[in-house]
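Engineer: the sequence isn't on hand, but the structure is:
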């Protein structure tokens, strides 16, 4: 059985309402191409940390995302949306939220690996741990499209997380991202293909693109990669939608012909 998956690529700005209007058009475009599962990029509702606590506390944000899923009768994964951190932690969590076709929030993954690096671009230094509290748990979920493994952006550089998802039964691994232009140009495609090849999973990667303010620029080039490492589709550096079909029979054949795990 073949099912269609889609990655949305956008240039999110500070204003959540403006971003929602742009996203609603792109989600509808993916639905018009018969996508059963749609992935949105990291921080798709705002790329400005000044809005993160407001978004984390705003129930209307979850209602809007659920309504988008229900309106188009599809699985919607909101790449990373700020959510409250546990306990008395003043930070927020970067959370990947999965909504079913009825608009219900059915699972959540909190980003484990935080982007604390020196990049050398216009912004220079990134310290996500100042804003975000790290998650701890590996998360996957069974859907009619396949078993979905959840990761976010900087997780991509940690192959042990992807192997854990494969061991947990993942067929498709999702990577919503806001990969910088500098790091994306150097490593994005190579890492996506490596994760697909070593896990023998489909990889669905939705990235931010373009300039978000006068310092922050992201790479774009959202991709869908097959379990053999083949490129099933790729965007460039403008907003848009990419779709591809997932064939779980073909995935099983790849794993049978080249067994990399006993599971």
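Structural biologist: Here it is on my side, so go on. What you see is a predicted model, and the numbers here were worked out from it, not measured in a lab.
Engineer: phi, psi for residue 47 please.
Structural biologist: phi -100, psi 20 (degrees, to the nearest 10).
Engineer: so who does it touch?
Structural biologist: 12, 13, 14, 178, 208, 212, 213, 216 (CB atoms under 8 Å, 6 or more residues apart in numbering). Using the backbone N, CA and C atoms, a C-beta is placed for each residue, glycine as well.
Engineer: again with residue 236
Structural biologist: Residue 236 neighbours (CB under 8 Å, 6+ apart): 220, 221.
Engineer: quick check: it is in a helix.
Structural biologist: No. Remark: residue 236 does not belong to a helix; assigned using DSSP: H, G, I helix; E, B strand; the rest coil, it is coil.
Engineer: next one, pLDDT for it please.
Structural biologist: Per-residue confidence (pLDDT) for residue 236: 98.
Engineer: where exactly do the helices run in the stretch 151-263 of the chain?
Structural biologist: 159-167, 181-183, 189-199, 248-257 (DSSP state H, counting those that start in this stretch).
Engineer: can you redo those helices as CSV with mean pLDDT, mean neighbour count and distance to residue 18?
Structural biologist: Listed next are those as CSV, based on pLDDT from 0 to 100; neighbours: other CB atoms under 10 Å; distance: least, CB to CB, whole Å:
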stretch, mean pLDDT, mean neighbour count, distance to residue 18
helix 159-167, 98, 17, 33
helix 181-183, 97, 19, 22
helix 189-199, 98, 20, 29
helix 248-257, 97, 14, 38
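Engineer: could you give the mean pLDDT of the longest strand seen in the chain?
Structural biologist: Taking DSSP state E as the criterion, the chain has its longest strand at strand 75-84. Strand 75-84 shows a mean pLDDT of 96.
Engineer: in it, what counts as buried?
Structural biologist: By neighbour count with 16 or more other CB atoms under 10 Å, strand 75-84 contains the buried residues 75, 76, 77, 78, 79, 80, 81, 82, 83.
Engineer: among these, which pair sits farthest apart?
Structural biologist: Maximum pairwise distance in these, criterion CB to CB, is 21.3 Å, between 75 and 82.
Engineer: okay, and the beta partners of the residue nearest the centre of the chain?
Structural biologist: Nearest to the geometric centre of the chain sits residue 176, at 1.8 Å (CA atoms, centre = their mean). Using DSSP bridges, the beta-bridge partners of residue 176 come out as residue 206.
Engineer: out of the helices of the stretch 151-263 of the chain, nearest to residue 117?
Structural biologist: helix 181-183 (8.1 Å).
Engineer: quick one, the lengthiest helix in the chain and strand 75-84 angle?
Structural biologist: Ranked by number of residues, the top helix in the chain under DSSP state H is helix 16-32. On the basis of axes from the mean of the first three to the mean of the last three CA atoms, to 10 degrees, helix 16-32 is oriented at 160 degrees to strand 75-84.
Engineer: Three-state assignment for residue 148, please.
Structural biologist: Here residue 148 is recorded as strand under three-state DSSP.
Engineer: correct me, but it touches residue 170?
Structural biologist: Yes. The criterion here is CB atoms under 8 Å, and residue 148 meets it with residue 170 at 6.9 Å.
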